[in-house]
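[1] structure for the following, please:
(chains A and B, ligands or ions: 4)
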There are 2 protein chains.
Amino acid sequence: MSKKVLIVGGVAGGASTAARLRRMDEDAEIIMFERGEYISFANCGLPYYIGGTIKERDALLVQTPEKMKARFNIDVRVKNEVIKIDKEKKEVEVKDLDSGKTYRESYDYLVLSPGSTPLKPPIPGIDSPNIFTLWNIPDTDAIKEYIDTKKPKRAVVVGGGFIGLEMAENLHDRGLDVSIVEMADQVMAPMDYEMAQIIHQHIKSKDVKLHLKDGVKSFEYRSGVTTVTLQSGKTIDADIVMLSIGVRPNSELAKDCGLELNQRGGIKVDGYLKTTDENIFAIGDAIEVTDFVNNKKTMVPLAGPANKQGRIVANNIIGRKEKYKGTQGTSIAKVFDLTVASTGNNEKTLKRLGMEYNKDYKVSITHSKSHAGYYPGAIPMTIKLIFTPKGEVLGAQIVGYDGVDKRIDVIASAIRFGGTIYDLKELELAYAPPYSSAKDPVNMAGFTAENILNGDMDVIQWHELDKIDKDNTIILDIREPEERELGYIEGSINIPLNELRDRLDELDKDKLIVPYCAIGLRAYIATRILVQNGFKVKNLSGGYTTYSCVFC
Amino acid sequence: MSKKVLIVGGVAGGASTAARLRRMDEDAEIIMFERGEYISFANCGLPYYIGGTIKERDALLVQTPEKMKARFNIDVRVKNEVIKIDKEKKEVEVKDLDSGKTYRESYDYLVLSPGSTPLKPPIPGIDSPNIFTLWNIPDTDAIKEYIDTKKPKRAVVVGGGFIGLEMAENLHDRGLDVSIVEMADQVMAPMDYEMAQIIHQHIKSKDVKLHLKDGVKSFEYRSGVTTVTLQSGKTIDADIVMLSIGVRPNSELAKDCGLELNQRGGIKVDGYLKTTDENIFAIGDAIEVTDFVNNKKTMVPLAGPANKQGRIVANNIIGRKEKYKGTQGTSIAKVFDLTVASTGNNEKTLKRLGMEYNKDYKVSITHSKSHAGYYPGAIPMTIKLIFTPKGEVLGAQIVGYDGVDKRIDVIASAIRFGGTIYDLKELELAYAPPYSSAKDPVNMAGFTAENILNGDMDVIQWHELDKIDKDNTIILDIREPEERELGYIEGSINIPLNELRDRLDELDKDKLIVPYCAIGLRAYIATRILVQNGFKVKNLSGGYTTYSCVFC
Ligand SMILES: Cc1cc2nc3c(=O)[nH]c(=O)nc-3n(C[C@H](O)[C@H](O)[C@H](O)COP(=O)(O)OP(=O)(O)OC[C@H]3O[C@@H](n4cnc5c(N)ncnc54)[C@H](O)[C@@H]3O)c2cc1C
Ligand SMILES: Cc1cc2nc3c(=O)[nH]c(=O)nc-3n(C[C@H](O)[C@H](O)[C@H](O)COP(=O)(O)OP(=O)(O)OC[C@H]3O[C@@H](n4cnc5c(N)ncnc54)[C@H](O)[C@@H]3O)c2cc1C
Ligand SMILES: CC(C)(COP(=O)(O)OP(=O)(O)OC[C@H]1O[C@@H](n2cnc3c(N)ncnc32)[C@H](O)[C@@H]1OP(=O)(O)O)[C@@H](O)C(=O)NCCC(=O)NCCS
Ligand SMILES: CC(C)(COP(=O)(O)OP(=O)(O)OC[C@H]1O[C@@H](n2cnc3c(N)ncnc32)[C@H](O)[C@@H]1OP(=O)(O)O)[C@@H](O)C(=O)NCCC(=O)NCCS
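    Ligands and ions are numbered 1, 2, ... in the order given. From the prediction side, this is the model:
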C-alpha cells in the first residue's frame, strides 16, 4: 500500500524531502504544508535582492506550488499552517489561513522542517514601523518597498552575524549610511577574535560604523526616524533598522505534541533524523544535531545541512536506512570584498568545552597568497588552523579576498575524512599560476602545523604576548628596516633575517627570543637559525600582520 | 659531524630541497649545482610573461643565487653542470661552463632534481631559427625577443598539451593568428575525449585553428617563414613555431653511473625517494613515481610533486623517515576563459590497464552551476566522475569557467583520503550564494553516482549510443519544445517532462527508453517515473550538452 507523507514547511528542508521522496516513490501521497505564501524560495539570496545584485524577484522563487505539482506531483498547500500534531492518531490539524477553517489530515510519516524565526526581544520600541527582520519573501518585499519609497539614508543593523553583515553590505550598496551594533566584542561568531579583527578593519574601511560590545537598550520612533539608544548611552538615528540577532527554532508544534526538545528548543532526533516519535522525522533549522568534530549536541541553522537532511529523510521513509553523521558547521559569507569562512570548531568553542590552548589543542596562523605571487592578482589570505597534539584537524577559519572558499572546502573535506595536519601537507592540489602555488595555502598551513607539532618551531600567540616576562624576552623584528618604518611592536629590536647569522652575538641566550616578520615565514627561518644556535625561541604566530590587526 | 649534500638542479625540486635542508640543519654543507644561468625560476609563469600577463621579468625569478646564499647559506653554483657521478667514491664531476674547467666535489648525500627537457624529434627542418621550445628563462627571452623584434603574425603550436595550449593562448593574446597541431584526436591528454570536446569548441570560438589527428611531417624555413607540412598533406605557413610535444627526463647522469631507470628513462626510487644507490636521492620530473590511484609506476612532471618531494628528501637526509605516497596527477590549466582540471585516473588510463566500463568502473557526467543560479555570474561546469562499483573514486575531470579549481581540489582531497562517492555526497562544503549551492556540484556528482550504483538510474554514455539497437530503442527528448528547436538527437521523440506522467501510454514497454534533457537532471526525474511504471530506461549521461559537444 502506498504511503501518505505529510511535510510541514515548504522551503529548504521540506521541498528537498518532497522532491527526493517523489523521485524514489511515484505512488506515495505527498502533501506539503507551508503557512507562508511561497515555497522553495532562496532565503540566502534575499539580502542580495534588496541590495540590487539580484535583479529579478522571480529568481528568488526556485519552485512554485504549480511547478511542484507538475513536476513532482506534490500536493502543495500554501497558506496552510499545521497547528497541531496528534501523534497517537497520526493526524495533523491544519488551518487554511485564507478561509480560517481548520481540517485534519492523517499520515503514515510526518516530516517537520518548520525552520526558525528571527529573534525579536522585548526591547522598548522594537515594533516601530521602520524596524525589520529578514527571513522570507514578504519580509523582503516589505524592506525593499520601504527603501524604494521612503528612501532612507541612515541604517542601523543590529547584530553582526552573517545575515547582519550581508544586510549591511547590501544597504551600503544601496547608498545608505550604515552602522552595525553588536553586543559581543566581535562580529561573525564562528570566527575567533583575531580573525574577526580583519573583518572589523575591512568594514570600517567601507565607512560602515561598528559599535562593538554594545547592545540596544531602546528604540524610539518619531516621524520616520528611530533613535537607537545603546547600553553605553550612545544614540544613533536611523531611517531604517535591521534586526538580525539570531534565530529560534520553530518547534512549538513539536513541543505541544510531546516530542522531546533540547534546552534551546531544538527538536531532538536520532541518527536517522527521527524524532522521539516513531513516525515523525525532523530536519533543518529546527533540530538539534551532533557536532561532527566534538560530538556534542548543537544547532546549526544552515541551508546545506537542511537540504541534505531532507534527502536522507526521504531515503529513510522509503526504507533505506541512511544515517546523518552530524554537522561540522562549514560556513562562508561575503562581507564586502572579503570572504569569511570557517569549518569545524573554533577556539572559543574548544575553550567552552574546557580545552586548553597548547595542551589540548594547538593553533597555527598563516598568511598565504591566493595563487602564485608572480601571476597578477595574488592576494594574501589568513588561515587559522586548529588541531590536536596528535595532529587531528579540529577546525579552520579563513579570511581573504580570493580563493578562500576553495581552501575552506578542502579543509572541510579533510575534517570529514578525519584527516590530520599531516594529510593537509600532502594533499595534491591543482596547481597552475592563476589558481594556486606549487605549495597551496592548505599545504602551507599543514607544513606550519607540522613544524609546531614536531617541535621545530615553537610559537607564541598574540594573546600570550601581554603575559610574557618582558625583562627576560627579546622581541626580535627580523624584517628589513623599510618594513619597520611602517610600524613595529613596541620594544622590539631589529636584525634583518639575512644578517642574523652574523649578529647572533647581539642576542642574549638567557632570554626568550620572539622573532617576528610580516607573516611568520621569515621569522620561522630565523627561529630555525636561532634554535640551532642554542637560543630559546618562540615565533610570533601570524607575524606582524596578525599582531597589528589585533593591537593597532 | 656535519653532512655534505650536493644537489643537482636549482629550480623546483632542487631549490626546495636546499631550503628545507638548511632550515632543518644549520651545519650541513649544501652545494646546489645548476647548469643554467638561473635558479628558482617560475617555470609555470613563462608563457604568461611572453603573453604579457606577467609584466616584469624579475617576477619570474623567485630566488637568485645571492639571495639563496644570504638567506639559506647555500653555495649555489650556476653555469656549473654535473657531468658525472662516481657512486663508489661518492663524488661528482662538475664542469664550470664559463671556464670550461672541470672539478670534483665529494658528498655524503647527492640529490638529483635535473628535471626534463622538451622533446625535439628528428623532423626535417626542426632546427629552423623560428622554431622554439619553452622550458627556461633563456628560452623565454629568445621567444619574447623574437616576437618583439620580428613581429610574427602567424603561429603554429605543435602539441596540444597544457604548455602548448597556454602558449596558444598567450600568442593569441599578443595578437598572433594561431594554429594548433595535435597528433591525437584531442588536446589535453589528461582529459577523456568527450571532455576535450568542450575545450575544442572553446579554442575554435577564439578563432584558433585546431588540426587534430595530424602530425608534423616536415618544416621548411624560408626567409622568416616556416612552412609546416602535416602528415595529411596540409601545409600551414608560420612566422613562429612552438614545439610542445612532451618531455623526456634528464636522467643521463643517473643512467651513466648505473642507477636504475625505467623504460621511459625515469629514475627509479623507493618509497623514501632514494634511488638504487644508498646515498643518492632523486625527485621531480626525472623520477618514476607510483600512481596513487592504480598503484602502477608512472611519471608525472608537475611542480607540486617536485616541491613536496624536495621537502621529503630533506627530511630523509636529516634522518626523519618520511615516505612519498605517490602522485595522483592533479593538474589544472587555464585555456583561454576555460579552466580544465583533472585528478586521479581517466577512462583512457583505466582502459589501458584492462578495465572495462560498467564492469570495473562506472562514470557519471553532471553539469552544475558554479554557484547558486539566482546569484549573478553562475556558469555551468561539466564534471566527469569515475568510480568503482563499490563507490571508490578513481578520478575526476572538470571543465568550466568558474569554480573548477575548487571542485577538483575537493575531489583530489577525497581521493587522497581513499574516499567514495558516498563521501562526496555528504561533504559539508561552504555555501553562500556567491560561492556555491546548498548542494555543491561535488555533492551533486556524488548523488548522481550513488543513484547509478544503487540502480535507481541506469545510464547510457554517448559512446554507447551508436551501438544501441535502434529498432528497439526510443530516444525520448523530455525537454520543452522551445529547447528542442535549438537542436535535438536525430530520431528522438519529444514528451516534455511535466507531461510524461499523463502520456506514458505513448511509449512501448518492450523497448528501451533513453530519455534525455539538457544536462541529465530532468531526464533522471523522467527515468524515475518511467522505471516505476515498468519501463526499461537508461538516462543519457550528461544529456544533450555532452551529446552535442561530441556529435555536433
Ligand atoms: C537572509 C538569509 C540568508 C541566509 N543565507 C544563508 C547562506 O548563505 N548559507 C546557508 O547555508 N544558509 C543561509 N541561510 C539559512 C538557510 O536559509 C536556512 O538554514 C534553511 O532555509 C533552513 O531550512 P529549513 O527547511 O529548516 O527552514 P526554512 O527554509 O526556513 O523553511 C521552513 C518553512 O516552514 C514554514 N513553517 C513553519 N512552521 C509551519 C507550520 N506550522 N505549518 C506550515 N508551515 C510552517 C515556514 O513558513 C518556512 O517557510 C539564510 C537564511 C536567511 C533568512
Ligand atoms: C612552460 C612551463 C609551464 C609549466 N606549468 C606548470 C604548471 O602550471 N603546473 C605544474 O604543476 N607544473 C608546471 N610545469 C612543470 C614544472 O615546472 C616542473 O614539473 C618542475 O619544474 C619540475 O621540477 P624539477 O626540479 O624536477 O625540474 P626543473 O624545475 O626543471 O629543474 C631542473 C633543473 O636542473 C638543471 N639541471 C639538469 N641537469 C643538470 C646537471 N647535470 N647539472 C646541473 N644542473 C642540471 C636544469 O638546468 C634545470 O634548471 C611547467 C613547466 C614549464 C616549462
Ligand atoms: C528546489 C528544490 C525543491 C529542489 O530539490 P531537488 O529536486 O532535490 O534538487 P535539485 O533540483 O538540485 O536536483 C537534485 C537531484 O538531481 C540529481 N541530478 C543533479 N544533476 C544531475 C545530472 N546531471 N544528471 C542526473 N541527475 C542529476 C541529483 O542526483 C539529485 O537527485 P537525488 O536527490 O534524487 O539524488 C529544493 O532544493 C528547494 O526548495 N530549494 C530552494 C530552497 C532552499 O534550499 N533554500 C536555501 C538555500 S537558498
Ligand atoms: C623559492 C624556493 C626555494 C622556496 O622554497 P621554500 O623556502 O621551501 O618555500 P617557501 O618560501 O614557500 O616557504 C615554505 C616554508 O615556509 C613555512 N611557512 C610558510 N608560511 C609560514 C608562516 N606564515 N609561518 C611560519 N612558517 C611558514 C613552511 O612551513 C615552509 O617551511 P618547511 O618546508 O620548513 O615546513 C622554491 O620553492 C623554488 O625554487 N621555487 C621556484 C621554482 C619552482 O617551484 N618552480 C615551479 C613552480 S613555478
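[2] low-confidence ranges, the stretch 451-552 of chain A, go.
    Nowhere does the stretch 451-552 of chain A drop to pLDDT under 70.
[3] what about the strands in it?
    Assigned strands in the stretch 451-552 of chain A, in chain order: A:459-460, A:473-477, A:493-494, A:512-516, A:536-537, A:539-540 (criterion: DSSP state E, counting those that start in this stretch).
[4] next up, the contacts around the closest residue in space to A:Glu428 that isn't next to it in sequence.
    In space, and not counting its chain neighbours, A:Glu428 is closest to B:Thr330: 4.6 Å by CB to CB, 6 or more residues apart in numbering or on different chains. Every C-beta, even on glycine, is put in place using the N, C-alpha and C of the backbone. The contact partners of B:Thr330, by CB atoms under 8 Å, 6 or more residues apart in numbering or on different chains, come to A:428-431, B:304, B:341-344, B:408-409, B:412.
[5] go again with 6 Å.
    A:428, A:430, B:343, B:412 (CB atoms under 6 Å, 6 or more residues apart in numbering or on different chains).
[6] show me what counts as buried in stretch A:455-467.
    Within stretch A:455-467, the residues that count as buried by 16 or more other CB atoms under 10 Å in any protein chain shown are A:456-462, A:465.
[7] to clarify, my last question referred to stretch A:279-299.
    In stretch A:279-299, counting by 16+ other CB under 10 Å, buried: A:280-294, A:298-299.
[8] how close does the closest residue to ligand 3 within the stretch 301-450 of chain A get to ligand 1?
    With CB to the nearest ligand atom, the shortest gap between the stretch 301-450 of chain A and ligand 3 falls at A:Ala303, namely 3.6 Å. Separation of A:Ala303 from ligand 1 (CB to the nearest ligand atom, to the nearest Å) stands at 4 Å.
[9] report how many residues lie close to that residue.
    A:Ala303 sits with 24 neighbouring residues when counted by other CB atoms under 10 Å in any protein chain shown.
[10] what sits closest to it if chain neighbours are left out?
    B:Ala438 (4.2 Å).
[11] over to that neighbour: give its phi and psi.
    For B:Ala438, the backbone dihedrals (degrees, to the nearest 10) come out as phi -60, psi -30.
[12] contacting residues around the residue of the stretch 301-450 of chain A closest to ligand 3?
    Per CB under 6 Å, 6+ apart, neighbours of A:Ala303: A:12, A:44, B:431, B:438.
[13] nearest to A:Pro496 among those?
    Closest to A:Pro496 out of these is B:Tyr431 (44.6 Å), distances taken as CB to CB.
[14] tell me the secondary structure for the closest one?
    Under DSSP: H, G, I helix; E, B strand; the rest coil, B:Tyr431 falls in the coil class.
[15] count of neighbours near the closest residue in space to it that isn't next to it in sequence?
    In this structure, B:Tyr431 finds its nearest non-sequential neighbour in A:Gly304, 4.6 Å apart by CB to CB, 6+ apart. A:Gly304 has 24 neighbours, counted by other CB under 10 Å.
[16] which SS class is A:Gly304?
    helix.
[17] now A:Val111: which helix or strand?
    strand A:109-112 (DSSP states H and E).
[18] which strands or helices does the helix or strand where A:Phe219 lies pack on?
    According to DSSP H and E, A:Phe219 maps onto strand A:216-222. Under the contact criterion of 3 or more CB pairs under 6 Å, 6 or more residues apart in numbering or on different chains; DSSP states H and E, strand A:216-222 touches strand A:225-230.
[19] for the closest residue to ligand 4 within the stretch 351-500 of chain A, which non-adjacent residue is closest in space?
    Closest to ligand 4 within the stretch 351-500 of chain A is A:Phe447: 3.3 Å, counting by CB to the nearest ligand atom. Closest residue to A:Phe447 apart from its sequence neighbours, by CB to CB, 6+ apart: A:Lys425 at 5.1 Å.
[20] doesn't that neighbour lie inside a helix?
    Yes. Applying three-state DSSP, one finds A:Lys425 inside a helix.
[21] count of residues packed around it?
    Neighbours of A:Lys425 (other CB under 10 Å): 22.
[22] distance of it relative to B:Ile312?
    10 Å (CB to CB, to the nearest Å).
[23] how about A:Ile411?
    Using CB to CB, A:Ile411 is found at 22 Å from B:Ile312.
[24] so for these two, which sits in the more crowded spot?
    Neighbours were counted for A:Ile411 and for B:Ile312 using other CB under 10 Å; A:Ile411 has more, 31 against 25.
[25] excluding chain neighbours, what is closest to that one?
    With CB to CB, 6+ apart, the residue lying closest to A:Ile411 is A:Ala396, at 4.4 Å.
[26] check whether the stretch of helix or strand that neighbour belongs to contacts ligand 4.
    Under the criterion of DSSP H and E, A:Ala396 resides in strand A:393-400. No. Using CB under 6 Å from any ligand atom, strand A:393-400 never reaches ligand 4; the gap is at least 13.3 Å.
[27] I'd like the next helix or strand past that strand.
    Per DSSP H and E, the first helix or strand lying C-terminal to strand A:393-400 is helix A:404-416.
[28] how far away is A:Gln309 from B:Ile525?
    From A:Gln309 to B:Ile525 the distance is 21 Å (CB to CB).
[29] pretty sure A:Ala314 is touching A:Arg22, no?
    No. Using CB atoms under 6 Å, A:Ala314 makes no contact with A:Arg22, being 8.5 Å away.
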